[in-house]
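In: sequence plus the predicted model coming up.
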Amino acid sequence: MRQEELVLLLGTNLGDREENIRRALEALDKAFGGRRVKISDIIETEACGFDGPPFLNAVVVYRSARKPENVLKICKQIERSMGRTDTPEYAPDGSRIYHNRIIDIDILFYGEHSVSTPQLSIPHPQVHSRPFVKQLLEML
């Protein structure tokens with residue numbers, strides 16, 4: 001598989017949010033062999049989909065040749081290593097229930113990949129419904 005641009009969204013609204021972003025970037029840099037291409041500014045946003053403290057968010061781009069499923073495993077492992085313990089919850093109508101989180105790493109885009117499985121959707125299904133994501137992408 002050839003190397004492609006991997007676009008990730010980082011978010012945090014618990015604890016030392018700046019440190020959480022820094023730690024996540026450090027772990028991602030290590031996991032992707034320092035192939036960071038660019039990063040947006042870090043911005044503060046309101047919680048989306050639930051009442052909670054504001055988030056710090058950033059978008060980061062890496063070069064990777066890993067399979068999308070392996071990228072997801074890396075992101076989830078970093079989240080767990082930083083203390084994230086929640087599992088996805090859904091309301092009776094099937095909508096996702098969101099919670100505060102120490103770190104969230106979402107795969108927004110991955111080259112030309114299009115994936116739709118119960119575990120992974122690329123492009124991220126909410127990439128266009130969250131105005132702050134567009135704002136972050138425009139900073140790249």
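Out: Sure thing, it's come through.
In: quick one: Glu26 and Val133, what's the gap?
Out: 23 Å (C-beta to C-beta, to the nearest Å). In short, each C-beta sits where N, CA and C put it, glycine included.
In: repeat for Leu108
Out: Distance from Leu108 to Val133, by C-beta to C-beta: 7 Å.
In: list residues touching both of these two?
Out: Leu9, Val59, Val127 (C-beta atoms under 8 Å, 6 or more residues apart in numbering).
In: which one of Glu26 and Val133 is surrounded by more residues?
Out: Val133 (23 against 11; other C-beta atoms under 10 Å).
In: listing request: residues of the chain with sub-threshold pLDDT.
Out: In the predicted model of the chain, residues 1 satisfy pLDDT under 70.
In: what about the strands in it?
Out: Taking DSSP state E as the test, the strands found in the chain are 4-12, 36-39, 43-45, 55-64, 89-90, 96-97, 104-110, 115-116, 121-122.
In: ranking the ones you listed by burial, who's on top?
Out: strand 4-12 (a mean of 23; mean count of other C-beta atoms under 10 Å).
In: what angle sits between it and strand 55-64?
Out: 160 degrees (axes from the mean of the first three to the mean of the last three C-alpha atoms, to 10 degrees).
In: thanks again, I'm all set now.
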